[in-house]
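Asks: A predicted structure for the sequence below; I have some questions about it.
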Amino acid sequence: MSATAPTAPLDTGLETGWDATTPAGDTIVRQSVDAIVAGSVAVATACDGRVHRGSGFVAVDTGRPTGVVNGTVLTEPRFGVEFDGTIDEIEAFYGAGGRGEVRLWSPWPTPDLHGRGWVLEGHPPLLYRAPTGPLGVSAPEELEVSAVTDTAALEEWNTVVVEAFPLTGVEPSHAPLGPGVLDDERFSLLLGRVDGRSVVAGSRVVGGDASVLLLTATRPEARGRGYYGALVRHRLGSTPDLPVVSLVSDHSRPILVDRFGFLPVCRFTSWTRTRP
C-alpha cells in the first residue's frame, strides 16, 4: 500500500543541508543525525549485525530481537513515490533476515505508515549539548557506579535494560548488546548498584564527531533518586570535548534539559514494525 507524502520541493541547485557534499557541521540537526547513524552502525558492527546504506537512509540489524537496537534512520527528506520506494527497500532489508521488532526514525514528519503494518511509536525529542570541557563526576552516596568490562557485567547490564524498560518478550541473554561492545573503545557501558544490586544501566558510543547517549534505564523502584542523572554525568565527563546528542522520551527530557543544559532541537518521528 502506498503512503501519501508532501510534494517534493523545487530543485533549485541550492544547498538543502542534506546533500552528500554538505559538511557534517552544517546544522545541529545534520550533525546529530550523522552521529546517530554512526552510533547505530557501531552497534550493529560490534554485534556482528548487518548494515544497509540505501538511498536516503541507513538501516542496521544486530540480529538481536529488539527494536531498540534494530532501526533505520532517514538521512534525507523523501517525498511521494520516492518515499514509497525508500520504505520498500527498508522492508526488504529487514525481511531478508533477523526477527523481532524494528524501528524507523525520521527527523521529519512522515506519511501514515499504518497501512503497511507500522505502528506510530511517538515523536521523541532530539537533544543536543555543546562541549563544555571537564565535568565533575558525582553520584548519590549509596550508588556505586562501575564500568562494564566483562561478559558477566554485560549480562547484568542487559538484564537491567530488559527488565527496567521493560523490553517485553526479550531474554536478557539475547538483547540488546552483544560482547563485541566490550572490545570496542567507542563504547562506554555503566552499571549503578545499591547494596550490591544493579538498579540502573547506561551506555554511550562515540559516533562521528559526537558522543551519542544510548540506552539508559532505571528499575521502577529506584527512580526519582538521582541515579539516572548520575550515569548521565559520568558519560558526559568521559567525553568532555565532544558535543553530545540523544533521542529520549519526554520522561527523561527534563533531566537532560534542566540539569545538564541540553538543548531541545526538534522532534523525530518514530515507527515500529514487528517482523514475522
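Replies: Yep, that arrived.
Asks: now for stretch 216-226, what's the gap between its first and last residues?
Replies: Taking C-alpha to C-alpha, to the nearest Å, the first and last residues of stretch 216-226 lie 13 Å apart.
Asks: Tell me the buried residues in it?
Replies: 216-219, 222, 225-226 (16 or more other C-beta atoms under 10 Å). C-beta: built from backbone N, CA, C; applies to glycine.
Asks: for stretch 101-110, same thing?
Replies: 101-108, 110.
Asks: Strands of the stretch 101-250 of the chain, residue ranges please.
Replies: 101-106, 119-122, 125-129, 144-147, 187-194, 197-207, 210-218, 244-247 (DSSP state E, counting those that start in this stretch).
Asks: and these as CSV, adding mean pLDDT and distance to Thr72?
Replies: Formatted as CSV, the strands of the stretch 101-250 of the chain follow (pLDDT from 0 to 100; distance: least, C-beta to C-beta, whole Å):
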stretch, mean pLDDT, distance to Thr72
strand 101-106, 94, 5
strand 119-122, 96, 13
strand 125-129, 97, 16
strand 144-147, 96, 30
strand 187-194, 97, 21
strand 197-207, 95, 16
strand 210-218, 94, 16
strand 244-247, 96, 13
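Asks: for those, which one sits closest to Phe165?
Replies: strand 210-218 (5.3 Å; C-beta to C-beta).
Asks: roughly how far out does that closest one sit from the chain middle?
Replies: Its chain's C-alpha centre lies 7 Å from the corresponding centre of strand 210-218 when counted by C-alpha atoms, centre = their mean, to the nearest Å.
Asks: now do stretch 240-256
Replies: 11 Å.
Asks: Skipping its backbone neighbours, what lies nearest Trp18 in space?
Replies: Glu76 (4.7 Å; C-beta to C-beta, 6 or more residues apart in numbering).
Asks: Which element, helix or strand, includes that neighbour?
Replies: Assessed by DSSP states H and E, Glu76 sits outside every helix and strand.
Asks: how far away is it from Asp61?
Replies: 21 Å (C-beta to C-beta, to the nearest Å).
Asks: Neighbour count: the two, which is higher?
Replies: Neighbours of Glu76 and Asp61, each counted by other C-beta atoms under 10 Å, are more numerous for Asp61; the result is 24 against 18.
Asks: Please name the nearest non-neighbouring residue to Val257.
Replies: Nearest to Val257 is Pro264, by C-beta to C-beta, 6+ apart, at 6.2 Å.
Asks: Now do the strand or helix carrying that neighbour: distance to the chain's middle.
Replies: Using DSSP H and E, Pro264 sits in strand 263-267. Relative to the chain's own centre, strand 263-267 is displaced by 15 Å; criterion: C-alpha atoms, centre = their mean.
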